[in-house]
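# Sequence and computational prediction follow.
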Protein chains: 2
Amino acid sequence: MKRIADSTVRRLSIYLRFLEEFEGRGLATVSSDELARRGGTTSAQVRKDLSFFGSFGKRGLGYSVPELATALREILGLGREWRVVIVGAGKIGAALAQYRGFKQRGFTIVAAYDTNPDKVGGRLDGIEIRDIARLERDVAADHPDIAVLAIPAEGAQAVLDRLVYAGIKAVLNFAPMSLHAPSDVTVKTVNMAMELEGLSFALTNRE
Amino acid sequence: MKRIADSTVRRLSIYLRFLEEFEGRGLATVSSDELARRGGTTSAQVRKDLSFFGSFGKRGLGYSVPELATALREILGLGREWRVVIVGAGKIGAALAQYRGFKQRGFTIVAAYDTNPDKVGGRLDGIEIRDIARLERDVAADHPDIAVLAIPAEGAQAVLDRLVYAGIKAVLNFAPMSLHAPSDVTVKTVNMAMELEGLSFALTNRE
DNA sequence: ACTAGCTTGTGAAGGAATTCACAAGCCCCG
DNA sequence: CGGGGCTTGTGAATTCCTTCACAAGCTAGT
């Protein structure tokens, strides 16, 4: 399969969000222009993005909302349940465990891990907090698909290495640092410090 | 000033993180190659990124760690204090209020806002929670630089409009939706649902 | 059945970001 | 003080992404 740009995938996600809104409102069709306006892009971009995966529209009419939504869910792999483990039961980990968006989109949190013995054995919004020493054994047994790293920067690379070794292929990293993994492992980093500095830069360098 | 790509600014942020680590360890100099290896990029990329702002290195030797760190902090506008308001005192808002990274980098949270009367008047890690009705008046009086949106998707655009009208020029958005603002207002969106779907896509479409 | 009016899908053009590749410059050593 | 070994800074080449522009195709109205 042709290599798909990251930016394309992110936009597909955005389109899907609007399609779901339209589905809820019972709209039958939508044009690339309408999707573009909502998503802050251009109609050509929308059509190009979709064209990588097939042709979903009807000329002169636009796209069927439910059909395109289904197609996008298929493309994004949202047709199945993904099993997620959260590593780190601190503030971020706790906020994530409670986040409704996971379940809503088919991401099931199967366990949380922490080093702190006071936390181990407890629960986070119903999710069991386990000793991180069990990480490898549990991953081997449960085969989760995705790991969320919600731990301080210092330990992040070491835990990532353990996850990779245990066979995890997708990681969402909240630790404020860049991580290294083999090319068959996808790591996405959400780094708030970086975003804030981007804002600081924008405020500082406006002409 | 020449337009600087977003990706460049994000990388500067990453380089600064490593420089601070090196500063802590007392290292005197660093090469573009070393920064590249750590940051997951190439040495040419590092040098090109820096070249937009000046020339900071010594041929044959590399970059002085403290000098380059100072230069990057200057470029990123981190030499001053930025005043931040958090809108939304829910789970995400609460997690953000406690996040040490803000203060550490010169971002001071001056207030939080919420609609819920049970929360208004309370405190979030020492930060006063105010009625969102006061938003415009407070912004006019306090002149915060940055607003963090930690509210559900539905109300996000309306609150953003109010913030823009009140004069805010930089927004960090945690609501899972794309927002529209005038071009002189910088909006950065952190969207976890999108990142998760990116992982789902990567897991689904591996060749 | 034909025409007018839209909207898609897509090659080609254009623009932006990354990588290449090498001259210029610095340091150290003999 | 001159040469060898590095490393920067930067035009040129390349690769990647976005935008343009238009033929093809669908619908509705007559």
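Perfect, I can see it now.

# Remind me which helix or strand A:Glu128 belongs to.
If you go by DSSP states H and E, A:Glu128 is part of strand A:127-131.

# For whatever helix or strand comes next after that strand, buried residues please.
Sequence order places helix A:135-142 as the next helix or strand after strand A:127-131, per DSSP H and E. Neighbour counts over helix A:135-142 (16 or more other Cβ atoms under 10 Å in any protein chain shown) mark A:135, A:138-139 as buried. The way it works is simple: take the backbone N, C-alpha and C, and place the C-beta from them, glycine included.

# Next, whichever residue of chain A sits closest to DNA strand D: secondary structure please.
Closest residue of chain A to DNA strand D, Cβ to the nearest atom of the strand: A:Gly60 (2.4 Å). Three-state secondary structure (criterion: DSSP: H, G, I helix; E, B strand; the rest coil) places A:Gly60 in coil.

# For it, the count of nearby residues, please.
Look at A:Gly60: counted by other Cβ atoms under 10 Å in any protein chain shown, it has 5 neighbours.

# now it: how far from A:Ala71?
In this view, A:Gly60 and A:Ala71 are 19 Å apart by Cβ to Cβ, to the nearest Å.

# and the strand ranked longest in chain A, what's its mean pLDDT?
In chain A, assigned by DSSP state E, the strand with the most residues is strand A:107-114. The average pLDDT for strand A:107-114 rounds to 97.

# elements contacting it?
Contacting strand A:107-114 under the criterion 3 or more Cβ pairs under 8 Å, 6 or more residues apart in numbering or on different chains; DSSP states H and E are the following elements: strand A:82-87, helix A:91-98, strand A:127-131, helix A:135-142.

# so it versus helix A:91-98, what angle?
If you take axes from the mean of the first three to the mean of the last three Cα atoms, to 10 degrees, strand A:107-114 sits at 150 degrees to helix A:91-98.

# Please list the residues outside strand A:107-114 that contact it.
Defining contact as Cβ atoms under 8 Å, 6 or more residues apart in numbering or on different chains, one finds that strand A:107-114 is touched by A:81-90, A:93, A:97, A:102, A:120, A:124, A:127-132, A:134-135, A:138, A:142, A:144, A:146, B:196.

# Same check on stretch A:63-80?
A:9, A:12-13, A:15-16, A:19-20, A:22-23, A:27-32, A:35, A:50, A:53-54, A:56-58, A:105-106, B:197, B:200-201, B:203-205.

# what about that stretch and DNA strand D, any contact?
No - for stretch A:63-80, no contact with DNA strand D is found by Cβ under 7 Å from any atom of the strand; the gap never falls below 10.4 Å.

# what are the C-alpha coordinates of that stretch, in PDB please?
C-alpha atoms of stretch A:63-80 as PDB (Å, rounded to 0.1, in the frame of the first residue of the first chain):
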ATOM      1  CA  TYR A  63     -20.900  12.000  -0.400                       C
ATOM      2  CA  SER A  64     -23.500   9.900   1.300                       C
ATOM      3  CA  VAL A  65     -23.000  10.800   5.000                       C
ATOM      4  CA  PRO A  66     -23.500   7.200   6.400                       C
ATOM      5  CA  GLU A  67     -21.500   5.600   3.600                       C
ATOM      6  CA  LEU A  68     -18.600   7.900   3.900                       C
ATOM      7  CA  ALA A  69     -18.600   7.600   7.700                       C
ATOM      8  CA  THR A  70     -18.600   3.800   7.500                       C
ATOM      9  CA  ALA A  71     -15.800   4.000   4.900                       C
ATOM     10  CA  LEU A  72     -13.700   6.200   7.100                       C
ATOM     11  CA  ARG A  73     -14.200   4.100  10.200                       C
ATOM     12  CA  GLU A  74     -13.100   1.100   8.100                       C
ATOM     13  CA  ILE A  75     -10.000   3.000   6.900                       C
ATOM     14  CA  LEU A  76      -9.000   4.200  10.300                       C
ATOM     15  CA  GLY A  77      -9.400   0.700  11.700                       C
ATOM     16  CA  LEU A  78     -12.300   1.600  14.100                       C
ATOM     17  CA  GLY A  79     -14.400  -1.400  13.200                       C
ATOM     18  CA  ARG A  80     -12.900  -3.400  16.000                       C
END
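
# Show me which residues of it are buried.
Judged by neighbour count using 16+ other Cβ under 10 Å, the buried positions of stretch A:63-80 are A:63-65, A:68-73, A:75-78.

# Could you do stretch A:168-179 as well?
Within stretch A:168-179, the residues scored as buried using 16+ other Cβ under 10 Å are A:168-179.

# what's the most distant pair in these?
Pairwise distances across those (Cβ to Cβ) peak at 22.9 Å, for the pair A:Lys169 and A:Pro176.

# Which strand or helix spans the residue nearest the centre of chain A?
The centroid of chain A falls nearest to A:Leu172 when counting by Cα atoms, centre = their mean (7.0 Å). Assigned by DSSP H and E, A:Leu172 falls within strand A:170-173.

# Now name the helix or strand holding the residue found closest to A:Ala175 once you drop the neighbours it is linked to in the chain.
Nearest residue to A:Ala175, sequence neighbours excluded (Cβ to Cβ, 6 or more residues apart in numbering or on different chains): A:Ala156, at 3.7 Å. For A:Ala156, the host element (DSSP H and E) is helix A:153-166.

# What about A:Val120, how many residues nearby?
The number of residues packed near A:Val120 is 18, by other Cβ under 10 Å.

# and A:Asp6, what does it touch?
Each residue near A:Asp6 by Cβ under 8 Å, 6+ apart is listed here: B:Gly198.
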